[in-house]
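1. From the sequence below, what's the structure:
(chains A and B)
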Amino acid sequence: MARVHHKNGRGGGGGGGGGKGKGKGKWKMPASVARKQQAAMANVDQVTGDKIPKSFVFSRGKLPTTLRHLQQDLRKVMLPYTALNLKEKKRNNLKDFVNVSGPLGVTHFFILTNPKSSPHLRMAKTPQGPTYTFQIKEYALAADIANSQKRPRCPPEIFKNSPLTVLSGFGGLGEPFKSLVEYFRHMTPAIDPVTVKLSTCQRILLIHFDREKEMINFRHYSIKLQPVGVTRKIRKLMQNNQVPDLRDLNDVSDYVTKAGYGSESEVDDEAATVSLASDVDKLNRASRKSAIRLQEIGPRMKLHLVKVEAGLCSGDVLYPQPVGKEGLGKKGKEVEEETEGQEDEDLMESDDDPEDESEE
Amino acid sequence: MASATAPQPVSSPSAAAGAASNNPHKRKKPAARGKGKGKGRLAKTPRRSDDPGDLPRRRSKPSDRFLKLLRKRARDYNSDDSDEEERLPDEDEDEDEDEEEGASGSGDDEAAGAVTRFEQGCRAFRVAFTKIMAKKLPDDPLGPILSAHKKLVAAKLAEDAEEHKPKGEGRREKRMAAEKGHVIPTNHLDSKEKELIKIATQGVVRLFNSVSKAQNCRKGLNPSRSKDAKVLAKETKQAFLTELSKTSNQSQKGKASSNFSKNNSKDEDEPGWAPLRETYMLGSKLKDWDKMQTSDVVNEQTEIPLDDSSDEE
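-> Have a look, this model is predicted:
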């Protein structure tokens, strides 16, 4: 107790009278307790009461420039519940991050490494683990994706809400992937269909498992809603808030009736249209049909699961199942391939299980 | 030039010293030089005994710094020594010293001597000079230089180039290593990407549909119509009261499920708004320590259907 008092005294006037409040008229919450409570409040969703997963994206060891950019892109993906400007120093070790993560309510770590100049991504849960180590076979930065597009769309508002996570291709898989699915599912805040506002769903994280190549495709898209059955001109008029150019027209009605170019985007497939539950914006009103358009914003990654550990970057190796005592220390190629072979068989058996997408 | 003196190479120091001891000029030299350059002395002295023939041939004295530069260059180029090359700088130095001695010894008549020498050597000089100038020079980046020199410089440059090449290669390798795995996407979407977008779109569609299903039951009633408004008001009031009553009597069932309430649809008995729940902000660790097993069982049961709807999150 004495120590607490001492701390308060050092902390400054605010909590000076705190602790037990001996003989003081008004009870004041000690600053440290208030701070703790506030921190606890910040970690919990006020509507659903779920714990909000938060993440750190950082790197171990020296990274080349492109991987640094990838790190920053990953941080943007994990926004808003991540530290966008997290600075790590050379002398910081993993323990430092773990120690900090507790009070801040950080639950997920994404660690980029570049051992022997082949990029790896470790996804871990703090403080206990497990840790999933992926090899990044291929990756493309958000800037590359934007460069490849004619009209890149990446408004800063879409990063104010966390992404939806869509997992596909993981159905009916064996152990390492089952827990991996759980991990991915709790990586972003869960969505409660009853209370969610549709206007907050603005981007989507697709994690797709390619069974043939044993690869996990990581994609990040922005969601755009377009009202169905509204011509492009009207849509633009509503979106731009500008007086349209009417110089060439004889009558105002021409603006509406004159068909512009039949835009290819008008060819809607029924699968991508939804009727909205609530107003999203001016154009997409409730109980009206809207088409969903996705545009990639990057980054793009192709991941290969290399290792699963029980602890946080330590502990028993779960995934390339260690054969003997000697297989435990080094994850030899043969061991890995053997397990992969087993999984293939598993897949063959479980292929008759309905897949996620085919259920529709 | 002093080619006659050349055959004595930079011989062993002992021989040089022996020769030097005979040399009458030897004592003079340090005085002439002021700051005696200890290094080249031994090498040069043996030749001085033969030198007298060269003595009359004089020219204006090159500056000290220039000499230094020459010596340095010579040292650089002759680092791996072939005899011929070794000789060149030595001759230079040799001449210099001669001149220095002359300068120190006979100070005044030097200018006159220089004039006579010029007159004497005038013709030969002119011939040589015109010959050199008439020479058609190859268009060479190295410029007009002595052939031995040329060879050396060429070798030197080649060596440099070779040194540079691995450096460049190393850099390229390093860059390649840094860029490993970095694939810049093509401009058009290929079929695989389209497939992925399709999958993602399906996921979004399913989410939006489920949201509208969950939220539309209330949306069907229009609050602006008085009839619906009444129903709504009643519903909300009823809901409020039931929630109040439930928070008191509902005890364990809700708690057990609140662990994974994010996964399955909310337990019906539980209040919808989180702060009304008993487990709110408790982390449910301390509360449910004795209920852990039942919750695990329920969790496993819910797991199986959840996998199918995994892409709705």
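2. Need the mean per-residue confidence for stretch A:186-199.
-> In this model, stretch A:186-199 has a mean pLDDT of 83.
3. Tell me the residues of the stretch 101-250 of chain A that contact chain B?
-> A:117-119, A:136-141, A:144-145, A:147-148, A:164-168, A:170-172, A:181, A:185, A:188, A:190-196, A:198, A:201, A:204, A:206, A:208, A:217, A:219, A:221, A:223 (Cβ under 8 Å from any Cβ of the partner chain). All C-beta spots, glycine's among them, are computed from the backbone N, C-alpha and C.
4. Could you pull out the strands in the stretch 251-360 of chain A for me?
-> Taking DSSP state E, counting those that start in this stretch to define them, one finds strands in the stretch 251-360 of chain A at A:273-275, A:289-296, A:300-309.
5. Return the last one as CSV; C-alpha atoms alone will do.
-> These are the backbone C-alpha positions of strand A:300-309, laid out as CSV (Å, rounded to 0.1, in the frame of the first residue of the first chain):
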residue,chain,number,x,y,z
ARG,A,300,-1.3,-8.7,-51.6
MET,A,301,0.5,-11.6,-50.2
LYS,A,302,0.9,-15.3,-50.9
LEU,A,303,1.7,-17.1,-47.7
HIS,A,304,2.9,-20.6,-47.1
LEU,A,305,2.4,-22.0,-43.6
VAL,A,306,5.8,-23.1,-42.4
LYS,A,307,5.5,-23.7,-38.7
VAL,A,308,3.1,-23.5,-35.8
GLU,A,309,4.4,-23.1,-32.3
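6. Mind telling me which residue is nearest the centre of chain A?
-> A:M78 (4.4 Å; Cα atoms, centre = their mean).
7. So what sits opposite the nearest residue to that residue once chain neighbours are set aside in the bridge?
-> Spatial nearest neighbour of A:M78, chain neighbours left out: A:S55 (4.7 Å); criterion: Cβ to Cβ, 6 or more residues apart in numbering or on different chains. Assessed by DSSP bridges, A:S55 has beta-bridge partners A:T82, A:H108.
8. and the gap between A:S55 and chain B?
-> Distance from A:S55 to chain B, counting by Cβ to the nearest Cβ, to the nearest Å: 16 Å.
9. hang on, isn't that residue packed against A:Y81?
-> Yes: taking contacts as Cβ atoms under 8 Å, A:S55 lies within contact range of A:Y81: 6.5 Å.
10. between the two, which one's more packed in?
-> Per other Cβ atoms under 10 Å in any protein chain shown, whichever of A:S55 and A:Y81 has more neighbours is A:S55, with 25 against 18.
11. residues touching that one, list them.
-> By Cβ atoms under 8 Å, 6 or more residues apart in numbering or on different chains, A:S55 lies in contact with A:M78, A:Y81, A:T82, A:V106, A:T107, A:H108, A:F109, A:F110, A:M187.
12. any chance of those in a markdown table, plus distance to B:P62?
-> Below are the contacts of A:S55 laid out as a markdown table (distance: Cβ to Cβ, whole Å):
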| residue | distance to B:P62 |
| --- | --- |
| A:M78 | 73 |
| A:Y81 | 78 |
| A:T82 | 73 |
| A:V106 | 75 |
| A:T107 | 80 |
| A:H108 | 77 |
| A:F109 | 72 |
| A:F110 | 71 |
| A:M187 | 79 |
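13. And the helices in the stretch 51-200 of chain A?
-> Taking DSSP state H, counting those that start in this stretch, the helices of the stretch 51-200 of chain A run over residues A:65-78, A:94-104, A:142-148, A:175-185.
14. now, of those helices, which is deepest in the fold?
-> helix A:65-78 (a mean of 20; mean count of other Cβ atoms under 10 Å in any protein chain shown).
15. tell me the mean pLDDT over the lengthiest helix in chain B?
-> As assigned by DSSP state H, the longest helix anywhere in chain B is helix B:147-178. Helix B:147-178 shows a mean pLDDT of 79.
16. likewise stretch A:158-175?
-> 86.
17. next one: stretch A:220-236
-> pLDDT averaged over stretch A:220-236 gives 82.
18. Alongside chain A, which residues does the stretch 101-250 of chain B contribute?
-> B:177-187, B:193, B:196-216, B:219.
19. Buried ones among those?
-> B:178, B:180-182, B:185, B:193, B:196-197, B:199-212, B:214-216 (16 or more other Cβ atoms under 10 Å in any protein chain shown).
20. Can you lay out the helices of the stretch 51-200 of chain A as JSON lines showing distance to B:L69?
-> Formatted as JSON lines, these follow (distance: least, Cβ to Cβ, whole Å):
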{"stretch": "helix A:65-78", "distance to B:L69": "44"}
{"stretch": "helix A:94-104", "distance to B:L69": "58"}
{"stretch": "helix A:142-148", "distance to B:L69": "53"}
{"stretch": "helix A:175-185", "distance to B:L69": "71"}
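21. Of all these, which one comes closest to B:F125?
-> Nearest to B:F125 among these is helix A:65-78 (63.7 Å), distances taken as Cβ to Cβ.
22. helices and strands around that closest one, which ones?
-> strand A:55-59, strand A:108-113, helix A:142-148, helix B:147-178 (3 or more Cβ pairs under 8 Å, 6 or more residues apart in numbering or on different chains; DSSP states H and E).
23. got the domain boundaries for chain B?
-> B:3-120, B:196-249, B:250-313 (automatic domain parsing).
24. now the angle between helix A:65-78 and the longest helix of chain B, please.
-> 20 degrees (axes from the mean of the first three to the mean of the last three Cα atoms, to 10 degrees).
25. Who are the packing partners of the helix or strand following helix B:147-178?
-> With elements assigned by DSSP states H and E, the helix or strand that comes after helix B:147-178 is helix B:191-219. Packing partners of helix B:191-219 (3+ Cβ pairs under 8 Å, 6+ apart): strand A:164-168, strand A:203-210, strand A:215-227, strand A:273-275, strand A:289-296.
26. Just the C-alphas of the first one, formatted as PDB.
-> Coordinates of the C-alpha atoms in strand A:164-168 are reproduced here as PDB (Å, rounded to 0.1, in the frame of the first residue of the first chain):
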ATOM      1  CA  LEU A 164     -14.400  -7.500 -42.400                       C
ATOM      2  CA  THR A 165     -12.600 -10.800 -42.600                       C
ATOM      3  CA  VAL A 166     -13.700 -13.300 -45.200                       C
ATOM      4  CA  LEU A 167     -12.200 -16.700 -44.900                       C
ATOM      5  CA  SER A 168     -12.600 -19.200 -47.600                       C
END
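27. who does it touch, helix- and strand-wise?
-> Looks like strand A:164-168 contacts helix A:175-185, strand A:203-210, helix B:191-219 (3+ Cβ pairs under 8 Å, 6+ apart).
28. Tell me the neighbouring strands of that strand, and mark each as parallel or antiparallel.
-> strand A:203-210 (parallel).
29. and the strand it pairs with, which residues are buried?
-> A:R203, A:I204, A:L205, A:L206, A:I207, A:H208, A:F209.
30. so where's the chain uncertain?
-> Chain wasn't specified; assuming chain A. A:1-25, A:40-41, A:46-49, A:259-271, A:287, A:321-360 (pLDDT under 70).
31. To clarify, I was referring to chain B.
-> Residues of chain B that meet the cut-off, pLDDT under 70, sit at B:1-61, B:78-121, B:138-150, B:216-236, B:243-275, B:277-313.
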